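Sequence first, then the predicted structure, then my questions.
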Amino acid sequence: MTERIVVGAALIEGGRVLAARRSAPAELAGRWELPGGKVEPGETPDAALVRELREELGVDAEVGERVPGQWALRPPYVLWVWTARLLPGSAEPKPLQDHDELRWLSLRELWDVRWLEQDVAAVREVAVRLGPGSA
Ligand SMILES: Nc1nc2c([nH]c(=O)n2[C@H]2C[C@H](O)[C@@H](COP(=O)(O)OP(=O)(O)OP(=O)(O)O)O2)c(=O)[nH]1
(Lines give C-alpha, C1' and ligand atoms only; values in the text may rest on other atoms or scores of the structure.)
Protein backbone atom coordinates (compact mmCIF):
# COMPACT_ATOMS: atom_id res chain seq x y z
CA MET A 1 0.00 0.00 0.00
CA THR A 2 1.35 3.43 -0.88
CA GLU A 3 1.89 5.62 2.14
CA ARG A 4 -0.07 8.84 2.23
CA ILE A 5 1.41 11.78 4.05
CA VAL A 6 -0.43 13.70 6.74
CA VAL A 7 1.37 16.95 7.50
CA GLY A 8 1.30 18.35 11.01
CA ALA A 9 2.43 21.78 12.14
CA ALA A 10 4.32 22.57 15.29
CA LEU A 11 3.15 26.19 15.17
CA ILE A 12 5.51 27.90 17.59
CA GLU A 13 5.29 31.38 19.06
CA GLY A 14 7.11 32.73 22.08
CA GLY A 15 8.33 29.29 23.11
CA ARG A 16 4.86 27.77 23.03
CA VAL A 17 3.33 25.33 20.56
CA LEU A 18 -0.27 25.26 19.43
CA ALA A 19 -2.25 22.12 20.28
CA ALA A 20 -5.67 21.51 18.74
CA ARG A 21 -8.46 19.34 20.14
CA ARG A 22 -10.22 17.27 17.50
CA SER A 23 -13.98 17.46 17.29
CA ALA A 24 -14.39 14.61 14.74
CA PRO A 25 -14.44 11.77 13.86
CA ALA A 26 -15.85 10.18 17.02
CA GLU A 27 -12.85 7.90 17.63
CA LEU A 28 -10.46 10.88 17.68
CA ALA A 29 -12.73 13.54 19.19
CA GLY A 30 -11.51 15.05 22.44
CA ARG A 31 -7.88 14.16 21.82
CA TRP A 32 -5.21 16.71 20.97
CA GLU A 33 -3.09 16.85 17.84
CA LEU A 34 -0.91 19.06 15.71
CA PRO A 35 -3.08 20.95 13.23
CA GLY A 36 -2.67 19.82 9.63
CA GLY A 37 -4.11 17.23 7.30
CA LYS A 38 -3.68 15.08 4.25
CA VAL A 39 -1.45 16.12 1.39
CA GLU A 40 -3.53 16.20 -1.79
CA PRO A 41 -2.28 14.54 -4.98
CA GLY A 42 0.11 16.89 -6.79
CA GLU A 43 0.56 19.12 -3.75
CA THR A 44 3.85 19.63 -1.92
CA PRO A 45 3.83 18.97 1.84
CA ASP A 46 4.74 22.63 2.50
CA ALA A 47 1.83 23.88 0.42
CA ALA A 48 -0.51 21.40 2.09
CA LEU A 49 0.53 22.64 5.51
CA VAL A 50 -0.03 26.30 4.64
CA ARG A 51 -3.42 25.42 3.13
CA GLU A 52 -4.53 23.32 6.10
CA LEU A 53 -3.52 26.00 8.59
CA ARG A 54 -5.50 28.57 6.64
CA GLU A 55 -8.59 26.32 6.40
CA GLU A 56 -8.55 24.95 9.92
CA LEU A 57 -7.28 27.93 11.90
CA GLY A 58 -7.73 30.96 9.63
CA VAL A 59 -4.05 31.90 9.85
CA ASP A 60 -1.28 32.83 7.43
CA ALA A 61 1.73 30.75 8.36
CA GLU A 62 5.22 30.13 7.14
CA VAL A 63 6.71 26.64 7.21
CA GLY A 64 10.06 26.26 8.98
CA GLU A 65 12.18 23.14 9.43
CA ARG A 66 11.16 19.50 9.21
CA VAL A 67 11.00 17.81 12.58
CA PRO A 68 13.01 14.64 12.01
CA GLY A 69 11.06 11.40 11.95
CA GLN A 70 7.85 9.99 10.59
CA TRP A 71 5.09 8.41 12.61
CA ALA A 72 2.66 5.72 11.50
CA LEU A 73 -1.01 6.61 11.73
CA ARG A 74 -3.96 4.49 10.66
CA PRO A 75 -2.78 2.85 7.39
CA PRO A 76 -1.97 4.13 4.81
CA TYR A 77 -1.24 7.42 6.57
CA VAL A 78 2.06 8.58 8.00
CA LEU A 79 2.63 11.81 9.94
CA TRP A 80 5.38 14.25 8.95
CA VAL A 81 5.86 17.36 11.06
CA TRP A 82 7.31 20.80 10.39
CA THR A 83 7.78 23.76 12.62
CA ALA A 84 5.79 26.78 11.48
CA ARG A 85 5.20 30.34 12.60
CA LEU A 86 2.51 32.93 12.07
CA LEU A 87 3.34 35.54 9.48
CA PRO A 88 3.23 39.19 10.56
CA GLY A 89 -0.34 40.42 10.26
CA SER A 90 -1.86 36.94 10.49
CA ALA A 91 -5.06 36.52 12.46
CA GLU A 92 -4.81 34.60 15.72
CA PRO A 93 -5.72 30.92 15.30
CA LYS A 94 -9.37 30.00 15.74
CA PRO A 95 -10.87 26.47 15.73
CA LEU A 96 -12.75 26.87 12.44
CA GLN A 97 -12.73 23.27 11.22
CA ASP A 98 -12.02 19.82 12.74
CA HIS A 99 -11.23 21.27 16.21
CA ASP A 100 -13.23 22.68 19.10
CA GLU A 101 -10.43 24.05 21.28
CA LEU A 102 -6.91 25.38 20.86
CA ARG A 103 -4.17 25.85 23.44
CA TRP A 104 -0.71 27.40 23.30
CA LEU A 105 1.48 25.13 25.44
CA SER A 106 4.86 25.92 26.93
CA LEU A 107 7.35 23.15 27.48
CA ARG A 108 6.17 22.93 31.08
CA GLU A 109 2.54 22.51 29.95
CA LEU A 110 3.16 20.26 26.99
CA TRP A 111 1.84 17.09 28.60
CA ASP A 112 -1.20 18.72 30.24
CA VAL A 113 -3.37 17.65 27.28
CA ARG A 114 -4.20 14.14 26.08
CA TRP A 115 -2.42 13.92 22.75
CA LEU A 116 -3.47 11.26 20.27
CA GLU A 117 -1.35 8.18 21.11
CA GLN A 118 0.16 8.20 17.64
CA ASP A 119 1.30 11.82 18.12
CA VAL A 120 3.19 11.35 21.37
CA ALA A 121 6.55 10.48 19.80
CA ALA A 122 6.24 13.42 17.39
CA VAL A 123 5.40 15.79 20.23
CA ARG A 124 8.49 14.60 22.08
CA GLU A 125 10.56 15.71 19.09
CA VAL A 126 8.73 19.04 19.05
CA ALA A 127 9.55 19.49 22.74
CA VAL A 128 13.23 19.66 21.85
CA ARG A 129 12.43 22.79 19.79
CA LEU A 130 10.60 24.64 22.56
CA GLY A 131 11.98 26.46 25.51
CA PRO A 132 14.16 29.52 25.90
CA GLY A 133 15.37 30.94 22.61
CA SER A 134 12.86 29.22 20.31
CA ALA A 135 10.85 31.26 17.83
N1 LIG B 1 -3.94 16.79 11.22
C2 LIG B 1 -3.54 15.76 11.95
N3 LIG B 1 -4.10 14.56 11.72
C4 LIG B 1 -3.68 13.55 12.50
C5 LIG B 1 -2.72 13.71 13.51
N6 LIG B 1 -2.55 12.52 14.13
C7 LIG B 1 -3.38 11.64 13.53
O8 LIG B 1 -3.53 10.46 13.79
N9 LIG B 1 -4.07 12.26 12.51
C10 LIG B 1 -5.02 11.60 11.63
C11 LIG B 1 -6.42 12.12 11.75
C12 LIG B 1 -6.99 11.89 10.37
O13 LIG B 1 -7.39 10.52 10.26
C14 LIG B 1 -5.78 12.09 9.48
C15 LIG B 1 -5.67 13.50 8.97
O16 LIG B 1 -6.82 13.83 8.37
P17 LIG B 1 -7.58 15.22 8.52
O18 LIG B 1 -9.01 14.90 8.68
O19 LIG B 1 -6.95 16.09 9.55
O20 LIG B 1 -7.19 15.75 7.11
P21 LIG B 1 -7.95 16.63 6.06
O22 LIG B 1 -8.21 17.96 6.69
O23 LIG B 1 -7.12 16.56 4.85
O24 LIG B 1 -9.31 15.85 5.96
P25 LIG B 1 -10.29 15.34 4.85
O26 LIG B 1 -9.82 15.84 3.53
O27 LIG B 1 -10.24 13.85 4.97
O28 LIG B 1 -11.61 15.88 5.31
O29 LIG B 1 -4.63 11.83 10.28
C30 LIG B 1 -2.15 14.98 13.73
O31 LIG B 1 -1.30 15.23 14.60
N32 LIG B 1 -2.59 15.99 12.92
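Great, that's in hand.

what's around the nearest residue to Gln97 once chain neighbours are set aside, how many residues?
The shortest distance from Gln97 to any non-neighbouring residue, by CB to CB, 6 or more residues apart in numbering, is to Glu56 (4.7 Å). Where you see a C-beta, it was placed from the backbone N, CA and C, and this is true even at glycine. Look at Glu56: counted by other CB atoms under 10 Å, it has 21 neighbours.

again, but for Gly69
12.

Give me the nearest residue to it, chain neighbours excluded.
Using CB to CB, 6+ apart, the nearest residue to Gly69 is Glu125, at 5.6 Å.

wait, what's in contact with the residue of the chain found nearest the ligand?
Nearest residue of the chain to the ligand, counting by CB to the nearest ligand atom: Gly37, 2.9 Å away. Applying CB atoms under 8 Å, 6 or more residues apart in numbering, we find Gly37 in contact with 6-7, 48, 52, 55-56, 98.

How about the residues of the chain by the ligand?
With CB under 6 Å from any ligand atom as the criterion, the chain meets the ligand at residues 6, 8, 28, 33-34, 36-38, 52, 73-74, 77, 79, 98, 116, 118-119.

Among these, which lie within helices?
Within those, membership in helices is found for Glu52, as judged by DSSP state H.
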